[in-house]
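1. need the 3D shape of this:
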Amino acid sequence: MYAISLGDDGAELRPLEPWHAEEFFAHLERGRDFIGRFIGFGSQETDVESARALLQRYADMRAADTRSLHGLWLNGKLVGGVLFLNFDAASGNCEVGCWLEPAGTGRGLVTRAMRVLIDWAVEERGIHRIEWIAASGNQASLNVARRLGMTRDGVRREAHPYGGVRHDLEVWSVLAPEWRAARARAAHDDH
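-> The predicted model follows:
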């Protein structure tokens, strides 16, 4: 349907749809332990059919304009994704997130893909506030929020029971006027 190039390294942002179930499940299997360190995404998907069901749920939510998944491919191989965890155009608020298998890390894939998603949310859909929520121990995720120019709004202490531990959650955000100003500065600096 679409493939958006994220640079010269063979990285692309594409829709992640039910027909990708076999590839998605293989990706989850490769990255299960790594992905599952801080989030439960994909942990209930134990075969191709349950992976297809997850992708179908997100396809249905995309159709309802409430959530959506987008895959990250590197040289033709699915290595992760970005998503709208919540999308409320009426209130102008959304929450974004990501996941990666180890082969996708350290390349800036999430930051590059997230710029595409946030640009679309702000410019096409009129979203005013974009949130990023991550466990305080998930430094890679928090670094993405920083690179995106988000502001740390605060910490929800021990709000996330996961893996037998109560994790602090950091809430980061960027507002549409801040996003536009940062993008304008970046475009000016490139010239």
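2. from now on I want contacts and neighbour counts done on CA atoms only, so please keep to that.
-> Will do.
3. so where is the chain shaky, pLDDT-wise?
-> For the chain, the stretches with pLDDT under 70 are 1, 188, 190-191.
4. helices along that one, start to end?
-> Counting by DSSP state H, the chain has helices at residues 21-35, 48-63, 109-119, 139-147, 176-190.
5. got those as TSV, with mean neighbour count and distance to residue 76 columns?
-> Listed next are the helices of the chain as TSV, based on neighbours: other CA atoms under 10 Å; distance: least, CA to CA, whole Å:
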stretch	mean neighbour count	distance to residue 76
helix 21-35	19	11
helix 48-63	17	19
helix 109-119	20	14
helix 139-147	16	23
helix 176-190	13	29
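6. CA atoms of stretch 115-129 as CSV?
-> Extracted in CSV, the C-alpha atoms of stretch 115-129 (Å, rounded to 0.1, in the frame of the first residue of the first chain):
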residue,chain,number,x,y,z
ARG,A,115,8.8,12.0,13.0
VAL,A,116,6.7,10.8,10.1
LEU,A,117,3.8,9.7,12.5
ILE,A,118,3.9,12.9,14.5
ASP,A,119,4.1,15.1,11.4
TRP,A,120,1.0,13.3,10.0
ALA,A,121,-0.9,13.5,13.4
VAL,A,122,-0.2,17.3,13.7
GLU,A,123,-0.5,18.4,10.1
GLU,A,124,-3.1,16.1,8.7
ARG,A,125,-5.2,15.3,11.7
GLY,A,126,-4.9,18.4,13.9
ILE,A,127,-3.5,16.6,16.9
HIS,A,128,-2.4,19.1,19.6
ARG,A,129,-0.7,16.9,22.2
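7. what sits up against it?
-> The contact list for stretch 115-129 (CA atoms under 8 Å, 6 or more residues apart in numbering) reads 89, 91-94, 130, 148, 173-177.
8. what about residue 6, distance to residue 184?
-> Separation of residue 6 from residue 184 (CA to CA, to the nearest Å): 19 Å.
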